[in-house]
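*Asks:* sharing a model prediction with you, sequence too.
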Amino acid sequence: MSAWCSLSSMTRQTDSLDGQQVVNVYTTRHYQVDTMLFQEFTKRTGIHVKEVKGTAEELIERMKHEGKTSSADILLTVDGGALAFAKQHGVLQKMSTKALLHNVPREWRDQEQYWFGIATRARVIVYAKERVKQEELSTYEDLAHERWKGKVLVRSSASLYNQSMLASFIELNGQQQAEKWAQGIVRNFARPPEGGDKDQAKAIGAKIGDIAIMNTYYIGQMLNSSDPEEREIAEQLGVFFPNQLTTGTHINISGIALAKHAPNKENAVQLAEFLTSTEGQTLLVQGSYEFPVNPETKMPRLLNDWRSFEKQTIDVATLGRLHKNASDIFEKVGWQ
Ligand code: FE
């Protein structure tokens, strides 16, 4: 039994072999709130959540390799491109229930119901309030200007967050402009990419750079962290939603899909319905500070402050399709 399974005193269905109902989740998510959400799901349904963690590439490859013998019920990713990729590689099946179609608006789900968003995330500009004025910020494109030389912090190109962001610029501005942009950002690096998004915020705190490209929810998590140092750093940071007058802020989804050979299909659907329900979404965003997909979600104040901004309008399948082009650019310009 995995460490994630919490025993519940509530009634439990007992028709699985070992007398325990389970749902096996192949997940690329790495947030504390997920454990809490799964425990709440177990409490309500008696179904235990067993997690297998990995990168999207690893998990999708594993599902392909395992084929009909796969124990995967659910694929949970932090990138819409990865969901589109999984669909394309035939490791998913449709999951269309009334509840899911009600919970998740059309713009955040696959039109053929192969996957559903559970949260959206904006990739924004975070800056040192002490050293940068908000009026100096405008667009992603502007960060490639030489006046930001030595000031820009961003994680490595191995991150799907960056691959999808660059893919969006390829779609909006063309391959050539996207390459020019990536080249400019590399020239402006405060240091060679290292760490995750939160580490870029911490590097602003340590005055290694002034500006970071990162997802908003990490700032929410840091502002509400149990670690006083994280809170202190986050207080010094401003969050800026770029490209409001042009192409909109880059947005991606975290989403859920039913595995093609799911052995516990009904349990999997129940989990998807819970995660997208008003209650599930409210718990999710209070812990992760991602944006909800379900419009009936109760949001923490911070998210209400952030929620009105112009978003890119690119479908996630397009982002997935352009990952290879993005990787080629990253390699060419030396964005490690
Ligand atoms: Fe993340």
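*Replies:* Cool, the structure landed. These figures come from a predicted structure and were not determined experimentally.

*Asks:* and residue 321, how far from residue 315?
*Replies:* To residue 315, residue 321 is 10 Å away according to CB to CB, to the nearest Å. No exception for glycine: its C-beta is placed from N, CA and C like everyone else's.

*Asks:* which one of those two has more residues nearby?
*Replies:* Ranked by neighbour count (other CB atoms under 10 Å), residue 321 and residue 315 place residue 321 first, with 17 against 14.

*Asks:* please report how far the more buried one lies from residue 304.
*Replies:* 34 Å.

*Asks:* do residue 261 as well
*Replies:* From residue 261 across to residue 304, the span is 41 Å (CB to CB).

*Asks:* of those two, which one has the most company?
*Replies:* residue 261 (17 against 10).

*Asks:* who are the neighbours in contact with the spatially most central residue of the chain?
*Replies:* The residue lying closest to the centre of the chain (CA atoms, centre = their mean) is residue 78, at 3.4 Å. Shown in contact with residue 78 (CB atoms under 8 Å, 6 or more residues apart in numbering): 28, 29, 56, 121, 160, 161, 252, 254.

*Asks:* give me the distance between the two termini of stretch 211-229.
*Replies:* Chord length of stretch 211-229, first to last residue, is 19 Å (CA to CA, to the nearest Å).

*Asks:* so what's the spatially closest residue to residue 220 that is not a sequence neighbour up against?
*Replies:* Distances taken as CB to CB, 6 or more residues apart in numbering place residue 289 nearest to residue 220, at 2.5 Å, with adjacent residues excluded. Contacts for residue 289 (CB under 8 Å, 6+ apart) come out as 216, 217, 218, 219, 220, 221, 224, 300, 302, 303.

*Asks:* let me have those in CSV, adding distance to residue 42, pLDDT and secondary structure as columns.
*Replies:* Shown next, in CSV, are the contacts of residue 289 (distance: CB to CB, whole Å; pLDDT from 0 to 100; DSSP: H, G, I helix; E, B strand; the rest coil):
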residue, distance to residue 42, pLDDT, secondary structure
216, 29, 97, helix
217, 24, 97, helix
218, 27, 97, helix
219, 30, 97, helix
220, 26, 96, helix
221, 24, 96, helix
224, 25, 95, coil
300, 24, 94, coil
302, 28, 93, helix
303, 26, 94, helix
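
*Asks:* can you show me the helices along the chain?
*Replies:* Under the criterion DSSP state H, the chain contains helices at 32-45, 56-66, 80-88, 98-103, 160-173, 175-188, 197-205, 216-223, 228-235, 265-276, 278-288, 301-306, 316-321, 323-333.

*Asks:* so which of these gets nearest residue 148?
*Replies:* helix 175-188 (4.7 Å; CB to CB).

*Asks:* and the angle from that closest one to helix 160-173?
*Replies:* 130 degrees (axes from the mean of the first three to the mean of the last three CA atoms, to 10 degrees).

*Asks:* I'd like the numbering to begin with 392 instead of 1 from here.
*Replies:* In the new count, where the first residue is 392, that last one comes out as helix 566-579.

*Asks:* okay, helix 566-579 in PDB with CA atoms only?
*Replies:* Below are the C-alpha coordinates for helix 566-579, written out as PDB (Å, rounded to 0.1, in the frame of the first residue of the first chain):
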ATOM      1  CA  GLN A 566       9.400  30.700 -35.600                       C
ATOM      2  CA  GLN A 567      11.900  33.500 -36.400                       C
ATOM      3  CA  GLN A 568      10.600  36.100 -33.900                       C
ATOM      4  CA  ALA A 569      10.300  33.400 -31.300                       C
ATOM      5  CA  GLU A 570      14.000  32.500 -31.800                       C
ATOM      6  CA  LYS A 571      15.000  36.200 -31.700                       C
ATOM      7  CA  TRP A 572      13.200  36.500 -28.400                       C
ATOM      8  CA  ALA A 573      14.800  33.400 -26.800                       C
ATOM      9  CA  GLN A 574      18.200  34.700 -27.900                       C
ATOM     10  CA  GLY A 575      17.600  38.000 -26.300                       C
ATOM     11  CA  ILE A 576      16.400  36.400 -23.000                       C
ATOM     12  CA  VAL A 577      19.600  34.200 -23.000                       C
ATOM     13  CA  ARG A 578      21.700  37.400 -23.500                       C
ATOM     14  CA  ASN A 579      19.800  38.900 -20.500                       C
END
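
*Asks:* could you break the chain into its assigned domains?
*Replies:* Annotated domains of the chain cover 394-511+644-691, 512-641+702-724 [automatic domain parsing].

*Asks:* least reliable of the helices of the chain by average pLDDT, please.
*Replies:* Per-stretch mean pLDDT for these is lowest at helix 707-712 (a mean of 89).

*Asks:* run the chain-centre distance for that one.
*Replies:* Computed by CA atoms, centre = their mean, to the nearest Å, the separation of helix 707-712 from the middle of its chain amounts to 14 Å.

*Asks:* just the residues contacting it, thanks.
*Replies:* Here helix 707-712 makes contact (CB under 8 Å, 6+ apart) with 470-476, 479, 555, 558-559, 562, 643-644.

*Asks:* let's go with 10 Å and repeat that
*Replies:* With CB atoms under 10 Å, 6 or more residues apart in numbering as the test, helix 707-712 has contacts from 447, 470-479, 499-502, 506, 508, 551, 554-559, 561-562, 641-644, 646, 703, 706, 717.
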